[in-house]
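[1] fold the stuff below for me.
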Amino acid sequence: MFTVSKTVIAVALLATFLAGFAGGYLFNFTSKPTGAQAQTIRITVSTTTSLYQTHLLDDLLADFKNTTGLSAEFSVLAKGSGEALRLLSDGSACLGFTHAPSLELKYILNGSIVRLSIFAYNEFVIVGPRDDPAGVSNATSAVDAFKKIYDAGEKGLAKFVSRGDNSGTHVRELQLWKLAGLDPSKKTWYLVSGQGMAQTLLMADNTGAYTLTDVGTLQSLVSQGKISNLVVLLRDPKLLINVYSFYVSSSQSCRSKDVSNLALLLAEYLNTRGQQLIASKYKDLFSPALQNLTTIESAWLELSKLA
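    Here you go, the predicted model:
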């Protein structure tokens, strides 16, 4: 169970990070860097595939550089959240964008990463074929929907495609199976793509299977005309909310003045101008967290409790 002591630890880690770099300069958000500040900063970023495939992260980083005038080169590694967090924790990447609260909490508590911002959210949805042989559209919750898919799969009526890549989406899927008290891992109707969200959706679309997806990637593919058979069958505002957070690595290799200043400035951007970009350009795919921050933070805490 998530306790107050864990919350205190997480807050203390953030305070330690900020205090550790208090002596470093910070760029004024509205000014352009000059002289030594104008030197190019090269930094590796790990990110969940949904932010990469929808192009939201590219747009945020480009607008961030344009707004601040900061000379920075971002090398972006698009992975599942599990791998993105691992890269962040060992210093292979210094900045990270993920959406797997239960995994994120583990790294926060061991001190290897620090959360600087919850900046966006959307939802996971359960999608499947229009004829819905499992009756998912009649389910009372995401857990009930998974029970229906399992039953239909056992009867030879349905298939399910899992990402199987320890991504935020895959982790949420496994949590739902666990809440349902079911293990489909060795069933013939349970397919594993081992790929990103877009590829998994295309596989489900081609095989007439069900899957769990973030709504952003789904809408992006629908708008491109790449999805023809899948439809949204169930939403669950409690269990399927999808929270995106921004992290900085605590690794020694990432604790330079340049990295710390850039991380803090980027966090400031994400909480201000970045919120406007999300709301204006990506309103059908993501929602800015600031407009509903207390609720979103509470949701993150609840989701972090799930095993």
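
[2] quick one: the helices in this structure, in order.
    4-20, 49-53, 56-68, 81-89, 101-109, 142-154, 168-180, 197-207, 215-223, 257-270, 273-281, 293-304 (DSSP state H).

[3] burial measure for residue 73, as a count.
    10 (other CB atoms under 10 Å). Any C-beta I mention is one placed from the backbone N, CA and C, and that applies to glycine too.

[4] rewinding a little: residue 41: which of the helices of the chain is closest?
    Relative to residue 41, the nearest member of the helices of the chain by CB to CB is helix 257-270, separated by 4.9 Å.

[5] okay, the angle between the longest strand along the chain and helix 215-223?
    When the chain is parsed with DSSP state E, its longest strand is strand 113-129. Here strand 113-129 runs at an angle of 40 degrees relative to helix 215-223 (axes from the mean of the first three to the mean of the last three CA atoms, to 10 degrees).

[6] using a markdown table, lay out the helices of the chain together with mean neighbour count and distance to residue 189.
    As requested, the helices of the chain are arranged in a markdown table below (neighbours: other CB atoms under 10 Å; distance: least, CB to CB, whole Å):
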| stretch | mean neighbour count | distance to residue 189 |
| --- | --- | --- |
| helix 4-20 | 13 | 38 |
| helix 49-53 | 25 | 25 |
| helix 56-68 | 18 | 33 |
| helix 81-89 | 24 | 25 |
| helix 101-109 | 21 | 26 |
| helix 142-154 | 22 | 4 |
| helix 168-180 | 22 | 13 |
| helix 197-207 | 21 | 10 |
| helix 215-223 | 20 | 22 |
| helix 257-270 | 20 | 41 |
| helix 273-281 | 18 | 37 |
| helix 293-304 | 16 | 27 |
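
[7] bridging across strands, which residues link to the residue lying closest to residue 95 once chain neighbours are set aside?
    Closest residue to residue 95 in three dimensions, ignoring its sequence neighbours and counting by CB to CB, 6 or more residues apart in numbering: residue 45, at 4.7 Å. Going by DSSP bridges, residue 45 is paired in beta bridges with residue 76, residue 95.

[8] what does the model give residue 45 for pLDDT?
    We have a pLDDT of 98 for residue 45.

[9] got it, and residue 116?
    At residue 116 the predicted local distance difference test score is 96.

[10] tell me the contacts of it?
    Counting by CB atoms under 8 Å, 6 or more residues apart in numbering, residue 116 makes contact with 14, 246-248, 263-264, 266-267.

[11] check residue 191 too.
    Per CB under 8 Å, 6+ apart, neighbours of residue 191: 159-162, 203, 207, 209.

[12] the same query, at a cut-off of 10 Å, please.
    Residues in contact with residue 191 (CB atoms under 10 Å, 6 or more residues apart in numbering) are 159-162, 164, 200, 203-204, 207, 209, 211.

[13] ok, of these, which one's closest to residue 282?
    Using CB to CB, residue 200 comes nearest to residue 282 of these, at 20.9 Å.

[14] any idea how far residue 243 is from the residue nearest the centre of the chain?
    Nearest residue to the geometric centre of the chain (CA atoms, centre = their mean): residue 99, 2.5 Å. From residue 99 across to residue 243, the span is 6 Å (CB to CB, to the nearest Å).

[15] got any residues that touch both of those two?
    Common neighbours of residue 99 and residue 243 (CB under 10 Å, 6+ apart) are 120-122, 168, 300, 303.

[16] the nearest residue to the residue nearest to the centre of the chain once chain neighbours are set aside and residue 298, how far apart?
    Residue nearest to residue 99 in three dimensions, not counting chain neighbours: residue 168, with 4.0 Å by CB to CB, 6+ apart. Relative to residue 298, residue 168 is positioned 18 Å away (criterion: CB to CB).

[17] for residue 111, same thing?
    Between residue 111 and residue 298 the computed distance is 24 Å (CB to CB).
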